[in-house]
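Trainee: got a predicted model here, sequence first, then my questions.
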Amino acid sequence: MKSRGSLGAIVGLVIVSLAGLFLLLRSPSGPEPLGAPAAGGRSYVTGIFEDITARNPWANFGPQTTIWNQYVTAHAHPSLFRYTVGRYDWVPMLANAMPTPLEPEGELWHSAVRVREGFRWSDGTPVTAHDVAFTFLAITTLGANQLGGNFPSFAPEDLLVRVEAVDDYTVAFYLTRPDGRYNFGILMAPIFQRAFWEPHLEAALASDDPLGAIFDVEVTNEPVAGSFLYGTWERGSFINRPANPGFSSRGEREMLYTNGAVRLVTEGLYDWTGYGEPVGDPELEVVTGPYVDDVHYRVFGTQATGVLALQAGEADFLFNPLGLERGFQDQLRDVPSVTLIENPNNGIRYLSFNLRREPMNLLAFRQAVAVLIDREFVTDRVLQGVAYPIYSIVPPANVFWHSPAVEVYGAGMSRAERISEAVRLLESAGFTWDEQPVLNAAGNLTQPGSGLRLPSGEPMEELELLGPGEAYDPLRATFASWIERWLTEVGIPVRTNLTAFNVVSERVFDLQDFDMWILGWSLTIYPSYLESFFHSRYTELRGLNAQGYANPAYDRLVDEFLREADDMDRAAELAGELQAYLARDVPYVVLFDTPLVEAYRADRVTYPTTSGLGGLQGIRARETAGFIHAVQLLR
């Protein structure tokens, strides 16, 4: 693979997985040096602003793949491969070496992976090739697309044919073709224990509702292979996860060298070197924890409550994918024991449409909506620079994959020009008004449009714009109110419904009961979401293409992008073409994002680094799924 399988040079940013790699400083025995897991008596207290909805991994990686669930359920399931904590070098995790090259075998393509010996589940039994093969058998039997969420990335139905355990520690993968999703999806999927899940799978398949049955399995006694156990969940109050005393990677040293070499060492178990021979001292060395006895997640109803807890020393860190609002930043800035940090974000907040319904299924209507939305007005004048506009599905912070050369409807237009262009687009598609919008000579709107009629001549019914409420995200609530205002000005009847985050998520992804919605994504570096968000194969319930976008030309191009598994430069060119498609077709109107400002108690905790794409919690989000790179986190 060109770029040696590393995305570090591509991204140009340093990121460290936390994986328990922090130190609590206030303890009876005093601080321990980074590099040795700490003694007992330490609890890492964090805050979240939305309760989790499930701990079951089938639900969490599937239809309930919200960022809050992912924050809390971190470190349960291993993956065969992961990224290094400093440079995005693609390295073994549960595997003990790189996979064999994909080679043709009959009509299929074959590759094998060796599982490292000595990696154990929390019940003391070994993790084997049989667990790996069972995991993929379970996904394919239940149906990756039917499971929804991230499962289509883990076991793409058009790509993965079967997975076999050749022996206790060798796994064989059979694919329809070479494809980037092999490395960046299949080999980074979560692995579940066969002994625990096989009886549940059999029971689920024998039931009337196999998916519902597997999603409802109680998992508190599920053996895991990550750094934390399930622990206790008091709904609406807290989740407490104790450290896994048998965590196999505890004490693993990851060493990154300036010449590109990587060395991973677990004393007595594992020693792997890749990307050349190490030269000199490592530029970064991280020793895996956990360094605490448990992680305690307190559920705060609002940011204000969480900030007060942080200020009072009752929390060490606040998880919030939106970052701290400016007022809370000012509130904490002068607190001596609190440190504020700012990092770039690899995420978007966006507006989308139900393309199954009229008029959202009409391109001219979506283009008109996009023209009317003045991102710069809201980000610069209303939000006073707290947010910045984004125009492409791949954010600018993801520099290698981002394409700035996309069409932006309404770019550089005045308000009057936007209204005139929206009217032109709607008229070109056959829309009519009882009374058209009227602008005076100065370009001011003197008469809003009213009585908008569909191309069929039928009056347009009022549309609902779903979004999270102001307490959850005042920035999205602000955008929603302005979008409602701008659409109403040209006669598009729309009513904003700001409600609970989990309600929006359920109505959009589980029920597909919506007209338009505003949400956001925390995204991956390798943009596999260009397929999982927009390929027509994911338009069913629980699929991530909830908007129902179906464009055969786009499907063909995104399939070509995924097949480009060796030449990342060519893959980036294709990613740019895909971004251009989406900008023209407008299944999403990408709106904005914010620099991520976070706060933590510097008197309580230190981190090996505080610099990284998506900040500390972005790092956490990636490790959340066992370093799974294909996961997308709804926020």
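Mentor: It's in.
Trainee: and the biggest helix by length in the chain, what does it pack onto?
Mentor: Identified as the longest helix of the chain according to DSSP state H is helix 568-585. Judged by 3 or more Cβ pairs under 8 Å, 6 or more residues apart in numbering; DSSP states H and E, helix 568-585 is in contact with helix 529-532, helix 552-563. Placement of C-beta: from N, CA and C, glycine included.
Trainee: pLDDT averaged over the shortest one - what is it?
Mentor: I take that to be helix 529-532. Average pLDDT, helix 529-532: 93.
Trainee: related to what we said a few turns ago, pull the CA atoms of the longest helix of the chain into PDB?
Mentor: Listed next in PDB are the C-alpha coordinates belonging to helix 568-585 (Å, rounded to 0.1, in the frame of the first residue of the first chain):
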ATOM      1  CA  MET A 568      -4.100   6.200  -1.500                       C
ATOM      2  CA  ASP A 569      -3.400   9.100  -3.800                       C
ATOM      3  CA  ARG A 570      -5.800   7.700  -6.400                       C
ATOM      4  CA  ALA A 571      -8.300   7.000  -3.600                       C
ATOM      5  CA  ALA A 572      -8.100  10.600  -2.500                       C
ATOM      6  CA  GLU A 573      -8.800  11.800  -6.100                       C
ATOM      7  CA  LEU A 574     -11.900   9.600  -6.100                       C
ATOM      8  CA  ALA A 575     -12.900  10.900  -2.700                       C
ATOM      9  CA  GLY A 576     -12.800  14.400  -4.200                       C
ATOM     10  CA  GLU A 577     -15.100  13.300  -7.000                       C
ATOM     11  CA  LEU A 578     -17.500  11.800  -4.500                       C
ATOM     12  CA  GLN A 579     -17.600  15.000  -2.500                       C
ATOM     13  CA  ALA A 580     -18.400  16.900  -5.600                       C
ATOM     14  CA  TYR A 581     -21.300  14.600  -6.400                       C
ATOM     15  CA  LEU A 582     -22.700  15.100  -2.900                       C
ATOM     16  CA  ALA A 583     -22.300  18.900  -3.100                       C
ATOM     17  CA  ARG A 584     -24.300  18.900  -6.400                       C
ATOM     18  CA  ASP A 585     -27.000  16.400  -5.300                       C
END
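Trainee: now the angle from it to helix 552-563?
Mentor: Put simply, helix 568-585 runs at 160 degrees to helix 552-563, going by axes from the mean of the first three to the mean of the last three Cα atoms, to 10 degrees.
Trainee: can you give me the end-to-end span of stretch 311-321?
Mentor: Distance between the boundary residues of stretch 311-321 (Cα to Cα, to the nearest Å) amounts to 19 Å.
Trainee: show me which residues of it are buried.
Mentor: The neighbour-count check on stretch 311-321 (16 or more other Cβ atoms under 10 Å) flags Gln311, Ala315, Asp316, Phe317, Leu318, Phe319, Asn320, Pro321 as buried.
Trainee: which one of those is nearest to Ser528?
Mentor: Relative to Ser528, the closest of those is Pro321; by Cβ to Cβ it sits at 19.4 Å.
Trainee: other SSEs contacting the helix or strand where Trp272 lies?
Mentor: Secondary structure assignment for Trp272, by DSSP states H and E: strand 270-274. Strand 270-274 makes packing contacts with strand 90-92, strand 262-266 when contacts are defined by 3+ Cβ pairs under 8 Å, 6+ apart.
Trainee: who wins for proximity to His535 among those strands?
Mentor: Nearest to His535 among the helices and strands packed on strand 270-274 is strand 90-92 (23.6 Å), distances taken as Cβ to Cβ.
Trainee: residues contacting the closest one, please?
Mentor: Where contact means Cβ atoms under 8 Å, 6 or more residues apart in numbering, the residues beyond strand 90-92 that reach it are 5-7, 80-84, 98, 116, 183, 262, 264, 272, 274.
Trainee: quick check: domain ranges of this protein?
Mentor: Annotated domains of the chain cover 8-246+596-634, 347-593 [automatic domain parsing].
Trainee: out of those, nearest to Leu332?
Mentor: domain 8-246+596-634 (5.1 Å).
Trainee: closest one to Leu452 among the helices and strands packed on helix 568-585?
Mentor: helix 552-563 (29.1 Å).
Trainee: in that closest one, what's buried?
Mentor: Neighbour-count burial for helix 552-563 flags Tyr554, Asp555, Leu557, Val558, Asp559, Phe561, Leu562, Arg563 (criterion: 16+ other Cβ under 10 Å).
Trainee: check stretch 430-442 too.
Mentor: Phe431, Trp433, Gln436, Pro437, Leu439.
Trainee: my guess is the last one meets Ile419, correct?
Mentor: By that I understand Leu439. Yes: with contact defined as Cβ atoms under 8 Å, Leu439 reaches Ile419; the gap is 6.4 Å.
Trainee: which residues do these two both contact?
Mentor: What both Leu439 and Ile419 touch, as defined by Cβ under 8 Å, 6+ apart, is the set Leu445.
Trainee: alright, calling it a day.
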